[in-house]
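S.K.: Okay, predicted coordinates and the sequence, questions at the end:
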Protein chains: 2
Amino acid sequence: MRLTKGCKKVLEVLEHAHDLSSAQDIHGRMRGEDDKAPGLTTVYRSLESLVSMGLVQAVDLGDGERRYELVKPGEHHHHLVCESCRSSVHLDQCLIEELEEGIRHKYGFQIKGHILEIFGTCKGCLTK
Amino acid sequence: MRLTKGCKKVLEVLEHAHDLSSAQDIHGRMRGEDDKAPGLTTVYRSLESLVSMGLVQAVDLGDGERRYELVKPGEHHHHLVCESCRSSVHLDQCLIEELEEGIRHKYGFQIKGHILEIFGTCKGCLTK
DNA sequence: CCGCACAATAGAAATGGATTTCATTTCTAA
DNA sequence: TTAGAAATGAAATCCATTTCTATTGTGCGG
Ligand SMILES: [Mn+2]
Ligand SMILES: [Mn+2]
Ligand SMILES: [Zn+2]
Ligand SMILES: [Zn+2]
């Protein structure tokens, strides 16, 4: 699996992004500064590659639009998403991984992955 | 918020369902046994009502199709979803609720809701 | 009963993110 | 240089969900 030109452009955008970006966000950003940047299809394909390479994490907020962000290779984390200002706090540890052993014993279930995102109101919005 | 005729039909179907059902599953089931059962639009609207009444839980498996199931009023739970046979184990306790207090203190974040689903291979499929 | 106001409903059309298709271009390795 | 593989873009398509609009059902005052 190679790091194609498209992938590199996507990485560039993600490096400068301040929060979670959708495929269309990324594409829009690219095209904004360069008319002949890769097309949306390529962005989707690049994201797919980057995710499977472990360089990028896909985040599912349950609103039908997947978001992406750079991560330390092979790692992942979860978020506290503010429903008021849409900002998100990046949690420093995954709560699920600790439970894997217990779940495997209790249910005989082999965990491969998981979705976990938490919604609510952030500190800033609470005090306002 | 009333229990309309559509809502009742949806509840009926969910009572007999054995696993998570999508809106279209439910609609299909209805129409299968009665040509003039409520339309898909009504099913969606009924599910929306039932969810906000706390009688039905919406489950997001990240595949773009929301599923629904009956729950004890006001409660919710999470699942171990087998990627091989698509069956799901219903967990008996929510891991997140225990963490709310800690997260509120550490981040000043007020939790309102969350998504949590776990994927992997179930006992049955592992032994096969 | 009648007619009216309003809720519930159906079906069609619109929406929107994601994916597929396929012709074309670019890369890579003889 | 050249053939095959990989990458790409634009348009077409998919598909769950939402919106729109016309129709139907229901409760109620007269
Ligand atoms: Mn993050
Ligand atoms: Mn369940
Ligand atoms: Zn995790
Ligand atoms: Zn929970």
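M.R.: Good, I have the coordinates. Residues are numbered from 1 along each chain as shown, chains lettered A, B, ... in the order given. Ligands and ions are numbered 1, 2, ... in the order given.
S.K.: show me the biggest helix of chain A in terms of residues.
M.R.: Counting by DSSP state H, the longest helix found in chain A is helix A:40-53.
S.K.: List the contacts of that one.
M.R.: The contact list for helix A:40-53, computed with C-beta atoms under 8 Å, 6 or more residues apart in numbering or on different chains, reads A:1, A:4, A:6-7, A:9-11, A:23-24, A:26-27, A:30, A:38, A:56-58, A:68, A:73. All C-beta spots, glycine's among them, are computed from the backbone N, C-alpha and C.
S.K.: Just the CA atoms of that helix, as PDB, please.
M.R.: Backbone C-alpha positions of helix A:40-53 (Å, rounded to 0.1, in the frame of the first residue of the first chain) are rendered in PDB as follows:
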ATOM      1  CA  LEU A  40     -13.600  13.900  -4.100                       C
ATOM      2  CA  THR A  41     -13.300  10.300  -5.200                       C
ATOM      3  CA  THR A  42      -9.600  10.300  -4.700                       C
ATOM      4  CA  VAL A  43     -10.100  11.900  -1.300                       C
ATOM      5  CA  TYR A  44     -12.400   9.100  -0.300                       C
ATOM      6  CA  ARG A  45     -10.000   6.500  -1.600                       C
ATOM      7  CA  SER A  46      -7.000   8.100   0.100                       C
ATOM      8  CA  LEU A  47      -8.800   8.300   3.400                       C
ATOM      9  CA  GLU A  48      -9.600   4.600   3.100                       C
ATOM     10  CA  SER A  49      -5.900   3.800   2.600                       C
ATOM     11  CA  LEU A  50      -4.700   6.100   5.300                       C
ATOM     12  CA  VAL A  51      -7.100   4.600   7.800                       C
ATOM     13  CA  SER A  52      -6.100   1.100   6.900                       C
ATOM     14  CA  MET A  53      -2.500   2.200   7.200                       C
END
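S.K.: Give me the average confidence score over that helix.
M.R.: Averaged over helix A:40-53, pLDDT sits at 97.
S.K.: Which positions within that helix qualify as buried?
M.R.: A:42-47, A:49-50 (16 or more other C-beta atoms under 10 Å in any protein chain shown).
S.K.: and the angle for the longest strand anywhere in chain A with strand B:110-121?
M.R.: Taking DSSP state E as the criterion, chain A has its longest strand at strand A:110-121. In terms of direction (axes from the mean of the first three to the mean of the last three C-alpha atoms, to 10 degrees), strand A:110-121 departs from strand B:110-121 by 170 degrees.
S.K.: Mind listing the strands strand A:110-121 pairs with, and their directions?
M.R.: Strand A:110-121 has its sheet partners listed here by DSSP bridges as strand A:79-82 (parallel), strand B:110-121 (antiparallel).
S.K.: So is that strand next to ligand 3?
M.R.: No. Strand A:110-121 does not reach ligand 3 (C-beta under 5 Å from the ion); its nearest approach is 5.5 Å.
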